[in-house]
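Asker: have a look; sequence and predicted model below, questions after that.
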Amino acid sequence: MFILANLISAAAQILDIALSAYMWIVIIAALISWVNPDPYNPIVKFLHSVTDPVLRPIRRRIGFGLGIDISPMIVILIILFIRRFLVSSLIEIALKIKN
């Protein structure tokens with residue numbers, strides 16, 4: 001059973017790293033949007049192509065009535081929730097399987 005526990009633990013760690021990286025990508029994209037970047041810059045294109053599919057549905061639901069785009073903050077909160085709930089749960093499951 002330790003193999004299954006190690007597999008679940010490794011999946012939890014990889015998920016945690018991926019969520020952390022994506023959270024930083026969202027933060028960087030939000031910061032770059034404040035300075036009106038060149039839309040043809042490859043880095044800006046990459047950031048938009050990675051973040052827009054996640055941010056677009058949230059933007060549609062909440063709209064821009066506030067004048068401020070809060071969709072990156074909502075995505076970051078969702079990522080933090082997933083990291084605290086799902087990753088922690090997977091690690092706990094792996095520990096219970098080992099014992």
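Answerer: Nice, I can see it.
Asker: burial measure for Ile17, as a count.
Answerer: 11 (other Cβ atoms under 10 Å). Yep, even glycine has a C-beta here, placed from its N, CA and C like the rest.
Asker: kindly report the same for the one 10 residues further on.
Answerer: Residues lying near Ile27 (other Cβ under 10 Å) number 15.
Asker: how about Ala30: what's its closest non-neighbour residue?
Answerer: Of all residues not flanking Ala30 in the chain, Pro72 sits nearest, at 4.0 Å (Cβ to Cβ, 6 or more residues apart in numbering).
Asker: my guess is Asp29 contacts Lys45, does it?
Answerer: Actually, residue 29 is Ala. It isn't Asp. No. Contact between Ala29 and Lys45 fails when scored by Cβ atoms under 8 Å: they sit 11.2 Å apart.
Asker: which residues does the helix or strand where Ile58 lies contact?
Answerer: Following DSSP states H and E, one finds Ile58 within helix 42-62. For helix 42-62, contacts defined as Cβ atoms under 8 Å, 6 or more residues apart in numbering pick out 22, 25-26, 28-29, 32, 37-39, 69-72, 74-75.
Asker: which residues in the chain form helices?
Answerer: 2-33, 42-62, 71-82, 88-98 (DSSP state H).
Asker: list the buried ones in the third one?
Answerer: In other words, helix 71-82. 71-72, 74-76, 79 (16 or more other Cβ atoms under 10 Å).
Asker: separation between Val50 and Tyr22?
Answerer: Per Cβ to Cβ, to the nearest Å, Val50 is found 8 Å from Tyr22.
Asker: how about low-confidence regions in this protein?
Answerer: 64-66 (pLDDT under 70).
Asker: appreciated, that's everything.
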